[in-house]
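Visitor: Fold the following for me, if possible:
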Amino acid sequence: MKNILNRKSIRRYTNRPVEDELIKQLLRAAMAAPSAVNEQSWEFVVVKDKKILNSITEIHPYAQMLKEASMAIIVCGDENKEVFKGFWVEDCSAAAENILIAAESLGLGAVWVGVYPIEERVKALQNILLLPENIKPLCIVPVGYPGEEKQPVNRYDEEKIHINKW
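Guide: Residues are numbered from 1 along each chain as shown. Coordinates of the predicted model:
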C-alpha cells in the first residue's frame with residue numbers, strides 16, 4: 001500500500017543512469033501483471049539511446065521529460081497474441097501501472113505518457129522504434145532518478161463509491 005499511495009508522476013530527473021538490474025526489476029514487475037485469459041500480449045521496448053529519446057519528443061508534445069530521463073520503457077501490445085480483441089490495452093495498462101509502482105519502490109521516478117489511441121502518435125512511434133504493424137505502443141514510461149520532490153496526491157473520493165447499485 002505504501003508504494004501505491006506514494007506513487008507520483010515525476011517529470012524531472014537527475015543525470016544518473018538507471019542501472020540495468022533496476023530496469024530488469026521494472027520489467028519483472030510489468031510481466032507480473034494480470035492478463036486476460038493469460039494472453040500476456042505485452043511487449044516492451046527499453047530505450048536508453050538519447051537520440052531516440054529526443055526524437056520521441058519531436059512527435060509527442062507531452063513527452064518533453066524524455067530529454068532528461070535516463071531511459072524509457074515503451075509498453076506495447078501485440079495484436080497477433082490477442083485471444084479476445086482489444087484486451088491488449090487492459091493487459092498493457094496493468095503492466096504499465098506495475099512499472100510505475102515498482103519505480104516508486106526502487107527510489108526511481110516515472111510518469112505515464114499516453115500514446116494509444118491517438119493514431120498519429122502510434123504511427124510515429126512505430127516508425128521511430130521500427131515496430132511491426134501488429135505491435136501497438138500504448139504508452140511511454142520515462143524513468144530516472146527523481147530531479148524533483150513531489151508529494152503524493154490523495155485521490156480517494158467517497159462520492160465515487162457505489163455499493164450494490166448506483
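Visitor: Going by C-alpha atoms from here, please, whenever you check contacts or count neighbours.
Guide: Noted.
Visitor: so where do the strands sit in this protein?
Guide: Counting by DSSP state E, the segments of the chain that form strands are 42-47, 71-78, 109-110, 113-114, 135-144.
Visitor: what residues are up against the spatially most central residue of the chain?
Guide: The centroid of the chain falls nearest to Val141 when counting by C-alpha atoms, centre = their mean (3.5 Å). For Val141, the contacting residues are Ala72, Ile73, Ile74, Val75, Ala96, Leu100, Ala110, Val111, Trp112, Val113, by C-alpha atoms under 8 Å, 6 or more residues apart in numbering.
Visitor: what's the nearest residue to the fourth one if we skip its chain neighbours?
Guide: Once its chain neighbours are removed from consideration, Val75 has its nearest residue in Phe44; the separation is 5.0 Å (C-alpha to C-alpha, 6 or more residues apart in numbering).
Visitor: Verify the stated contact: Arg11 with Val111.
Guide: Yes. Assessed by C-alpha atoms under 8 Å, Arg11 is found in contact with Val111 at 6.5 Å.
Visitor: More neighbours: which of these two?
Guide: Val111 (25 against 21; other C-alpha atoms under 10 Å).
Visitor: mind checking how far the more buried one is from Gln126?
Guide: According to C-alpha to C-alpha, to the nearest Å, Val111 and Gln126 sit 20 Å apart.
Visitor: again, but for Glu21
Guide: Glu21 is 27 Å from Gln126, by C-alpha to C-alpha.
Visitor: So these two - more neighbours on which side?
Guide: Per other C-alpha under 10 Å, whichever of Glu21 and Gln126 has more neighbours is Gln126, with 18 against 9.
Visitor: contacting residues around that one?
Guide: Going by C-alpha under 8 Å, 6+ apart, the list of residues near Gln126 reads Pro132, Glu133, Ile135, Lys136, Pro137.
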